[in-house]
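>>> below are the sequence and a predicted model for it; my questions follow.
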Amino acid sequence: MSYFGFGKDEVAEFTEQKSRFIGYSFPVFGEEDGRAKIAAIKKEHAFATHVCSAFIADDKGNLMRFSDDGEPQGTAGMPILEVLRAKGLKESGIAVVRYFGGIKLGAGGLVRAYSKAAAMAADANTCVETALAAFLSASFSYDLVSAFMRFAEKNELFAVTYDYGETVTARFHVRAERSQEILTALTEFLLGKCTAKEEKREYCRF
């Protein structure tokens, strides 16, 4: 199983009938994290008229929360949530800040405005895939470091780190389905002069 979510924090804004709408999109890792990020946006915009929001906090899309924050029911939080759902996103959230400009938009106008702000914030972000990863390690002598680096670049090894002791130990991860392929290819590339193994598997972002 794999799924997509926002990879960073992004912001987009526009003005509708003198009301300023600012959309924030961000990754969410659990309900507490989602609520904390919305609270931080509210603190930043302490004088805003409304800060409406929605987030999907789990990897299955079941833990959903949304808030109209004083706007008429169904005109803000749910439209924001629908943007997340329409894009198939998980572990992601959007908050839309509104500074009222003095002209009422009506229920339909509010739905359109909050949907637009949410979509703009989502489109400004980068969606990354979360998938099952295999975390691997390889130990080899110092004279093979440059060769390993060439292998790592050619084979898209992620988050490579090095421990330098009597030998060099490189740690990295790949998509789980590539684990055995990479272990075999690395051993062959270094002419059998390394000890390579899989240490664990867990979900992570690519």
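Cool, the structure landed.
>>> and the helices in this structure?
31-44, 77-86, 106-124, 145-154, 179-189 (DSSP state H).
>>> check the offset of the last one from the chain's centre.
Between the centre of helix 179-189 and the centre of its host chain there is 30 Å, according to CA atoms, centre = their mean, to the nearest Å.
>>> tilt between it and helix 145-154?
If you take axes from the mean of the first three to the mean of the last three CA atoms, to 10 degrees, helix 179-189 sits at 140 degrees to helix 145-154.
>>> with just CA atoms, put helix 179-189 into PDB.
Taking Å, rounded to 0.1, in the frame of the first residue of the first chain, the C-alpha atoms of helix 179-189 are listed here in PDB:
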ATOM      1  CA  SER A 179      15.500  -4.600  -1.500                       C
ATOM      2  CA  GLN A 180      16.900  -8.000  -2.700                       C
ATOM      3  CA  GLU A 181      17.600  -6.500  -6.100                       C
ATOM      4  CA  ILE A 182      19.700  -3.700  -4.600                       C
ATOM      5  CA  LEU A 183      21.500  -6.100  -2.100                       C
ATOM      6  CA  THR A 184      22.500  -8.400  -5.000                       C
ATOM      7  CA  ALA A 185      23.500  -5.600  -7.400                       C
ATOM      8  CA  LEU A 186      25.600  -3.900  -4.700                       C
ATOM      9  CA  THR A 187      27.500  -7.000  -3.800                       C
ATOM     10  CA  GLU A 188      28.200  -7.700  -7.400                       C
ATOM     11  CA  PHE A 189      29.200  -4.100  -8.100                       C
END
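>>> could you say what helices and strands that helix packs with?
strand 127-140, helix 145-154, strand 194-205 (3 or more CB pairs under 8 Å, 6 or more residues apart in numbering; DSSP states H and E). Bear in mind the C-beta positions are built from the backbone N, C-alpha and C, glycine included.
>>> fine by me, thanks again.
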